[in-house]
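A.B. asks: No letters, just coordinates:
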């Protein structure tokens, strides 16, 4: 008999001063049996860092055709494709061809640095790709915040993030390996 996903509920209060985005989100997160608390919480932080009305969790690990999160507009176009871990170049090439913007959140420094060294020359050509590292010193205590029902406050300012659950207050200064080179505006 196959194991089923574990359902988590998160009430997320986001104050993103960098993007002037101030919203509350009531989220349902299905944690795949092969996913640990750390990875699930990194998905939640990726949501907070990129929160938009159309951003949603996908089948993620359960599907080769979908990222961990994506923002799909009302016409069905993928605006933002968000992956976790160290995806291969072929998957990112496909994502960069399908989405306006692609972001990868790595969360294990050693494997991420090795992956980046091996993939950097191939990935540099993708102008709509960003790669961000969330260090273990943040991810490890973050996984301790995982509960079936969570109430979290997230503050983002100057590219840094603070997350609080009433007992803990964690700080994240993500390390950017690669940033998009897309021009904004008209």
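C.D. replies: Perfect, thanks for sending it. Computed from a predicted model, the values in this text were never measured in an experiment.
A.B. asks: Quick check, central residue of this structure?
C.D. replies: By CA atoms, centre = their mean, the mean C-alpha position of the chain lies nearest to residue 46, the distance being 2.6 Å.
A.B. asks: That one touches residue 84, doesn't it?
C.D. replies: Yes. Residue 46 lies in contact with residue 84 (CB atoms under 8 Å); the separation is 6.8 Å. (Each C-beta comes from the backbone N, C-alpha and C, glycine too.)
A.B. asks: Need the per-residue pLDDT for residue 182.
C.D. replies: Note on residue 182: pLDDT of 57.
A.B. asks: scratch that, residue 66
C.D. replies: pLDDT, read off for residue 66, is 88.
A.B. asks: on that earlier part again, spit out the residues that contact residue 46 and residue 84 alike.
C.D. replies: Common contacts of residue 46 and residue 84 (CB atoms under 8 Å, 6 or more residues apart in numbering): 68, 105.
A.B. asks: Neighbouring strands - and their directions - for the helix or strand residue 152 falls within?
C.D. replies: Under the criterion of DSSP states H and E, residue 152 resides in strand 149-157. Paired neighbours of strand 149-157 in the sheet (DSSP bridges): strand 6-16 (parallel), strand 160-164 (antiparallel).
A.B. asks: Save those strands as TSV, and put in mean neighbour count too.
C.D. replies: As requested, the strands paired with strand 149-157 are exported to TSV (neighbours: other CB atoms under 10 Å):
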stretch	mean neighbour count
strand 6-16	16
strand 160-164	17
